[in-house]
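[1] predicted coordinates and the sequence they were generated for:
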Amino acid sequence: MRVNIFIFILFLSIISCASAKKAWVRVDGPMESWEWRWCKKDLDGPAFHDKGICYISQKCKKKMVGSKCKPDPIICLHGDINCLKEYNWPKVKGR
């Protein structure tokens, strides 16, 4: 009987750890090494074409085995001073 209870508790703890929400974390290097570029239609879609500067970041979260990643686009529209300040006035790669 004790073995069954132990196995049941162990099973519940494994399930709760596996189903816990993991936070998405940006995995890029230091901000100074990011290569910003002018937003383009083919990379960023027509909504942002020539409307500012873009950088495609990556966000990942750990899973039981390995990790899962997804692109995380960052877009500073022309004239968005707060965005530029947040990313330390990034240098933009030439056209």
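    Cool, the structure landed. Numbering: from 1, shown residues only.
[2] okay, CA-based contacts and neighbour counts for the rest of this
    Noted.
[3] give me the element the spatially most central residue of the chain is part of.
    What sits nearest the mean C-alpha location of the chain, by CA atoms, centre = their mean, is residue 59, with 2.1 Å. Mapping residue 59 onto the secondary structure by DSSP states H and E places it in strand 52-62.
[4] helices or strands next to the very next helix or strand once past that strand in the packing?
    Moving toward the C-terminus from strand 52-62, the next helix or strand (DSSP H and E) is strand 67-77. Using 3 or more CA pairs under 8 Å, 6 or more residues apart in numbering; DSSP states H and E as the contact criterion, the elements in contact with strand 67-77 are strand 52-62.
[5] what is the mean pLDDT for the strand it packs on?
    The pLDDT scores in strand 52-62 average 94.
[6] need the CA coordinates for it. CSV is fine.
    Presented in CSV, the C-alpha positions along strand 52-62 are these (Å, rounded to 0.1, in the frame of the first residue of the first chain):
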residue,chain,number,x,y,z
GLY,A,52,11.5,52.1,-39.2
ILE,A,53,14.3,49.8,-38.1
CYS,A,54,14.0,46.1,-37.3
TYR,A,55,15.8,43.4,-35.5
ILE,A,56,14.6,39.8,-35.3
SER,A,57,15.4,38.5,-31.8
GLN,A,58,14.8,35.0,-30.4
LYS,A,59,12.8,34.0,-27.3
CYS,A,60,13.2,30.5,-25.9
LYS,A,61,11.8,28.5,-23.1
LYS,A,62,13.1,25.3,-21.5
